[in-house]
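Peer 1: Sequence first, predicted model second:
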Amino acid sequence: MNDLAANSAGIEQGDGFFLPNFCDVRLVFAVVIMAELLAFVLVLVTPSLLDDRWSDLGVISLFLQWIALTSAALLCLARPLLSRLGNTAAVLISYLLVLLITALLSETAFWLMVRSTILPSIDSEQNGVFLLRCLGVSAVITAVTLRYLYVQHQWRQQLQAEARARVAALQARIRPHFLFNSMNTIAALTRSDPDTAEEAIHDLSDLFRAALDTVDEHATLDAELTLARRYLNIEALRLGERLAVEWDTAALPPDVNVPPLILQPLLENAIYHGIEPLAEGGTIHIRGELTNGWIAIRVSNPVAGRTTGGHNQGNRIAQENIRQRLQLAFGKRAGLETRQQDGHYQVTIRFPGEQAS
């Protein structure tokens with residue numbers, strides 16, 4: 001009757017085990033709420049035990065909270081051991097543990113009520129019926145809850161697999177024209193400015209190393225900013241004075257984990273759809289803020305008017321990819337917003353200033 005809450009509180013699971021962490025304060029609160037809701041239902045569907053319904057609710061709530069919190073505590077302690085087993089064995093053992101707790105506490109509660117004369121109409125002969133009813137309710141609710149937790153786990157595993165596929169797709173999407181233009185620029189600089197050419201080669205190799213890395217699922221914010229600078233350095237060699245960049249990211253914490261490649265695609269879009277179509281070029285503004293534990297990074301660039309003949313706006317695959325990966329890492333608290341106003345296009349990504357799950 002306990003783990004009713006499970007993921008009802010929206011608790012994110014941080015590992016590959018289907019059973020959530022019942023030591024988490026938010027999950028304990030969800031367990032309490034769900035047990036109390038069950039108490040209300042039982043009060044409504046069962047005959048009155050005491051003088052009034054409020055007294056019935058108090059006794060039933062106390063009994064259910066006793067079972068729910070004890071079961072949650074036991075599952076909390078047993079979780080490290082259960083996680084080493086297969087899912088089938090973990091589900092079976094969890095199920096039996098809850099039923100065992102229910103049986104022990106039901107038996108204890110029954111004799112306490114008999115001896116304290118809280119319910120004068122109850123006698124020792126009703127012990128078996130009371131125990132079977134409690135076990136029956138616990139068996140049904142626990143089975144439904146464990147099934148729900150397992151389905152949620154499978155759904156989350158599928159989302160993670162899809163996210164990894166999206167990362168791979170994003171890593172493979174660096175435009176061929178960017179590579180060709182970069183190599184031509186480097187070739188032109190090899191004789192006239194070999195030092196700059198060598199630096200450009202290093203920047204390009206770091207960029208492709210990050211793009212082809214399929215092992216790391218997280219990167220630090222500092223590494224993402226460094227990669228973005230390297231990308232802009234390469235584009236600046238090609239665009240020259242047409243490209244200007246203003247950075248304002250000193251307020252950002254460098255060690256926060258983020259999904260890889262969340263900035264470079266936004267800057268690539270800013271150049272491809274914003275700077276390149278403009279004959280005079282323009283300035284890309286990158287601003288980072290940390291406010292009340294929340295990080296916001298804004299990328300702003302000028303856009304060509306409809307009569308300028310700019311590049312097609314594309315299907316925004318990169319932006320949707322980044323939005324989904326941020327939400328997978330930080331939950332629905334994170335997101336990506338866009339707006340266009342006064343000849344400028346702005347993309348803002350927001351996420352908590354904490355470690356990604």
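Peer 2: That came in fine, so what should we check first? No experiment lies behind these values; they were computed from the predicted model shown. Numbering: from 1, shown residues only.

Peer 1: Please point out which parts of the helix or strand of the chain with the lowest mean pLDDT sit buried.
Peer 2: Lowest on mean pLDDT, DSSP states H and E among the helices and strands of the chain sits helix 176-192, with a mean of 73. Neighbour counts using 16 or more other CB atoms under 10 Å place 178, 181-182, 185-186, 189 of helix 176-192 among the buried residues. Where C-beta positions appear, they are placed from N, C-alpha and C, glycine not excepted.

Peer 1: Widest-spaced pair of the residues you listed?
Peer 2: Greatest spatial distance in these: F178 and L189, 16.4 Å, computed using CB to CB.

Peer 1: L243 reaches G281, doesn't it?
Peer 2: Yes - with contact defined as CB atoms under 8 Å, L243 reaches G281; the gap is 5.7 Å.

Peer 1: list the residues that contact both of the two?
Peer 2: Residues touching both L243 and G281 by CB atoms under 8 Å, 6 or more residues apart in numbering: I275.

Peer 1: Need the pLDDT of P352.
Peer 2: On pLDDT, P352 comes in at 90.

Peer 1: check contacts around it.
Peer 2: Counted by CB under 8 Å, 6+ apart, P352 has contacts 293-295, 330, 333-334.

Peer 1: Counting neighbours, what do you get for L77?
Peer 2: 12 (other CB atoms under 10 Å).

Peer 1: Which of the helices or strands spans it?
Peer 2: Here L77, judged by DSSP states H and E, is contained in helix 53-82.

Peer 1: and that helix, which residues are buried?
Peer 2: Buried residues in helix 53-82, counted by 16+ other CB under 10 Å: 56-57, 59-61, 63-76, 78-79, 82.

Peer 1: which one of the buried residues of helix 176-192 sits closest to F130?
Peer 2: Checking the buried residues of helix 176-192 against F130 with CB to CB, the nearest one is F178 at 73.1 Å.

Peer 1: ok, and the closest non-adjacent residue to V32?
Peer 2: Excluding the flanking residues, the one nearest V32 by CB to CB, 6 or more residues apart in numbering is Q65, at 6.5 Å.

Peer 1: Hmm, the one you found is touching I33, no?
Peer 2: No - Q65 is beyond contact range of I33, at 10.5 Å (criterion: CB under 8 Å).

Peer 1: For burial, what's the neighbour tally of the residue nearest to S106 when sequence neighbours are not counted?
Peer 2: Of all residues beyond its chain neighbours, the one nearest S106 is C134 (4.0 Å), with distances taken as CB to CB, 6+ apart. As a burial measure, C134 scores 22 neighbours (other CB under 10 Å).

Peer 1: In contact with C134, which residues are there?
Peer 2: 102-103, 106.

Peer 1: Got the domain ranges for this protein?
Peer 2: 2-169, 173-352 (automatic domain parsing).

Peer 1: weakest of those in terms of mean pLDDT?
Peer 2: Looking at the domains of the chain, the bottom one is domain 2-169 with a mean of 76.

Peer 1: could I get the buried residues of helix 176-192 as CSV with distance to N321?
Peer 2: Output for these, formatted as CSV (distance: CB to CB, whole Å):
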residue, distance to N321
F178, 18
N181, 23
S182, 23
T185, 27
I186, 29
L189, 33
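
Peer 1: So which of those residues is the closest to Q341?
Peer 2: The shortest gap between Q341 and any of those belongs to F178, at 28.0 Å (CB to CB).

Peer 1: for S300, helix, strand, or coil?
Peer 2: strand (DSSP: H, G, I helix; E, B strand; the rest coil).

Peer 1: There's contact between it and Q346 in this structure, I believe.
Peer 2: Yes - under the criterion of CB under 8 Å, S300 makes contact with Q346 at 4.4 Å.

Peer 1: between those two, which one's more packed in?
Peer 2: For S300 versus Q346, neighbours defined as other CB under 10 Å are more numerous around S300 (21 against 17).

Peer 1: The more buried one and L146: what is the separation?
Peer 2: Distance, S300 to L146, using CB to CB, to the nearest Å: 49 Å.

Peer 1: do E268 as well
Peer 2: Applying CB to CB to E268 and L146 gives a distance of 46 Å.

Peer 1: try L57
Peer 2: 27 Å.

Peer 1: cool, G335 as well?
Peer 2: To L146, G335 is 32 Å away according to CB to CB.

Peer 1: what does Q126 give?
Peer 2: Q126 is 30 Å from L146, by CB to CB.

Peer 1: Neighbour count: the two, which is higher?
Peer 2: Of the pair Q126 and L146, L146 is the one with more neighbours under other CB under 10 Å, namely 20 against 14.

Peer 1: Could you verify that that one is part of a helix?
Peer 2: Yes - under three-state DSSP, L146 falls within a helix.
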